[in-house]
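K.L.:
using only what follows, build the 3D model:
(one chain, ligands or ions: 1)
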Amino acid sequence: MKVPPNNKPYVKKSTQSQNKSLSESSAQIRASLGSTQNSGFSSSYPLKSYFTPHIIHLWLKNLESIVHLNESSNKKLNSDFISWKWVIHHPEEENNSKILNNNSKCLISQYNMLLEIEKDLMKFDESLALLWDKNVISPHRHPSYKVYNSIDSETLPYLRFTYENLINCKVKSPDSDFNYGCDCEDNCQTKKCSCAKDNDGGYPIQNGRLIRTDVGAIYECNSNCKCNKNCSYRIIQNGGKNNGLFEIFKTPNKGWGLRTLVPIRKGSFVLEHVGEILEPRTAKLREVCYEKLDMMAYFDLDFGFDENEKLKVLCVDSNYWCGASRFLNHSCDPNLITIPFFVEHKDPRFQRLAFFAKKNITTLTELTFDYKISSVKFECSCGSNICRYNKNTGRINT
Ligand SMILES: C[S@@+](CC[C@H](N)C(=O)[O-])C[C@H]1O[C@@H](n2cnc3c(N)ncnc32)[C@H](O)[C@@H]1O
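P.N.:
Numbers count the residues shown, from 1 in each chain. Got it, this is the predicted structure:
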């Protein structure tokens, strides 16, 4: 059996990992805090049809390819180039000469291209709110989820649905030293399974239900193991693709949401959060654009990482490539909890996110989790009696 190298900076059984209860996990969705209806344009505005999430996705890809085109030549400027705000806050005249002196022609052309794009960006800026166009035609490939809207005539935005994470090409591959499995000859029948032992306090799912919530990450058997797919330490990986069990529906005050079409028992695995895995620099770049669009659906994969390891933390962007979990809204009294888990890659950077039922959930109940937003600006419409975001004072109740 292979074991993870000892010299890795991440220590799975760290004090932080052990002590952090699920509800305290620092992974949090970075939700936009702005108004959801900020378009000042009439529906006949000519650019409207261009601004679909699909178009912005291509646009962001283009932008990223420029900024990342030549890492070695723009190394010095990496930190400055980290966001669009740099361009916006540093006028061309002020910085151009410095850049010209210090960098290659290649970088100059990248910079000029960036400025060109920025001009377009500024020109279209006021139209950006329309990117999340309420009248975008539904994708050709309809999601296999049911969609229900009794509130208005809005159709589902143009998104690309995936069942598993897509790793952005700029993300460094998982460390293969962390790909290891058990050597159980008995399909993990006895309690000797090394994968089960990777879990603090043992594998926490029994009879399909989570038996403890004070787990760190959950480790499952995988293709490196001697067991087969029926072994009892593969509950999350075998529970995916439950798409028939959910419905994306329009809520009266939070945009789209997700609800269950079947009762869910407390402790059951419900769904995995998937999207495009980004390294922090790309995530930051996109964030500036997404902020304008009020379409932020970011989740930091920061479980087990310290504050000073932020640059290692990958991010799930589910603004375009996504699963049903992209429609999960926040509640201060949620019915789901998030738990990181590992199957194939036990490299801590590539942690995956599972949602489990925190309580018994009845049919047609909206599924929610706690975004753990710390900003006072969050206008929470969760409607819970214990809502932490006090709209009258603007303070967060603790
Ligand atoms: C990940 S998306 C969830 C799906 C979203 N409702 C939609 O229509 O696309 C996060 C966004 O949903 C909205 N949202 C989620 N929970 C909310 C809440 N409790 N109160 C108000 N808005 C919420 C916010 O606009 C937030 O930026």
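
K.L.:
going forward, measure contacts between C-alpha atoms and count neighbours the same way
P.N.:
Fine.

K.L.:
poorly predicted segments of the chain, please.
P.N.:
Along the chain, segments meeting pLDDT under 70 span 1-143, 240-244, 288-289, 292-296, 390-398.

K.L.:
in it, which spans are helices?
P.N.:
15-19, 53-67, 84-89, 92-102, 105-124, 194-198, 235-238, 280-293 (DSSP state H).

K.L.:
stretch 264-284 near the ligand at all?
P.N.:
No - judged by Cα under 6 Å from any ligand atom, stretch 264-284 stays clear of the ligand, getting no closer than 10.7 Å.

K.L.:
first-to-last residue distance for that stretch?
P.N.:
Start-to-end span of stretch 264-284 (Cα to Cα, to the nearest Å) is 36 Å.

K.L.:
interface residues of the stretch 201-350 of the chain facing the ligand?
P.N.:
254-257, 295-297, 326-331.

K.L.:
would you list these in JSON lines and tack on neighbour count?
P.N.:
Shown next, in JSON lines, are those (neighbours: other Cα atoms under 10 Å):
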{"residue": "K254", "neighbour count": "14"}
{"residue": "G255", "neighbour count": "13"}
{"residue": "W256", "neighbour count": "21"}
{"residue": "G257", "neighbour count": "24"}
{"residue": "M295", "neighbour count": "22"}
{"residue": "M296", "neighbour count": "22"}
{"residue": "A297", "neighbour count": "22"}
{"residue": "R326", "neighbour count": "23"}
{"residue": "F327", "neighbour count": "22"}
{"residue": "L328", "neighbour count": "21"}
{"residue": "N329", "neighbour count": "22"}
{"residue": "H330", "neighbour count": "22"}
{"residue": "S331", "neighbour count": "23"}
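
K.L.:
now for these: which two are most distant?
P.N.:
M295 and S331 (17.8 Å; Cα to Cα).

K.L.:
gap between T363 and the ligand?
P.N.:
20 Å (Cα to the nearest ligand atom, to the nearest Å).

K.L.:
so that residue versus L258, what's the distance?
P.N.:
From T363 across to L258, the span is 12 Å (Cα to Cα).

K.L.:
compare these two (neighbour count), which wins?
P.N.:
L258 (26 against 13; other Cα atoms under 10 Å).

K.L.:
contact partners for the closest residue to N335 other than its chain neighbours?
P.N.:
In this structure, N335 finds its nearest non-sequential neighbour in K358, 5.0 Å apart by Cα to Cα, 6 or more residues apart in numbering. The contact partners of K358, taken as Cα atoms under 8 Å, 6 or more residues apart in numbering, are 266-267, 334-337.

K.L.:
the residues you listed into JSON lines, with extra columns for neighbour count?
P.N.:
Formatted as JSON lines, the contacts of K358 follow (neighbours: other Cα under 10 Å):
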{"residue": "K266", "neighbour count": "18"}
{"residue": "G267", "neighbour count": "23"}
{"residue": "P334", "neighbour count": "19"}
{"residue": "N335", "neighbour count": "20"}
{"residue": "L336", "neighbour count": "27"}
{"residue": "I337", "neighbour count": "22"}
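
K.L.:
out of those, which sit inside strands?
P.N.:
By the criterion of DSSP state E, membership of the contacts of K358 in strands covers 336-337.

K.L.:
could you dump the contacts of K358 into TSV with distance to E379 added?
P.N.:
Formatted as TSV, these follow (distance: Cα to Cα, whole Å):
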residue	distance to E379
K266	29
G267	30
P334	16
N335	20
L336	20
I337	21
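
K.L.:
how about the contacts of K358, which pair is most distant?
P.N.:
Among the contacts of K358, the pair separated by the greatest distance (Cα to Cα) is G267 and P334, at 13.5 Å.

K.L.:
can I assume A283 is in contact with S318?
P.N.:
No - counting by Cα atoms under 8 Å, A283 does not reach S318; the two are 11.2 Å apart.

K.L.:
those two: which is more packed in?
P.N.:
Shown here are A283 and S318; by other Cα under 10 Å, S318 has more neighbours (27 against 20).

K.L.:
could you find the closest non-adjacent residue to that one?
P.N.:
S318's closest residue in space is G275 (Cα to Cα, 6+ apart), at 4.4 Å.

K.L.:
gap between that neighbour and the ligand?
P.N.:
Using Cα to the nearest ligand atom, G275 is found at 11 Å from the ligand.

K.L.:
list the contacts for that residue?
P.N.:
Contacts of G275 by Cα under 8 Å, 6+ apart are 162, 164-166, 316-323.

K.L.:
can you check E279 too?
P.N.:
Listed by Cα under 8 Å, 6+ apart, the contact set of E279 reads 168, 170-171, 312-315.

K.L.:
go again with 10 Å.
P.N.:
167-172, 311-316, 349 (Cα atoms under 10 Å, 6 or more residues apart in numbering).
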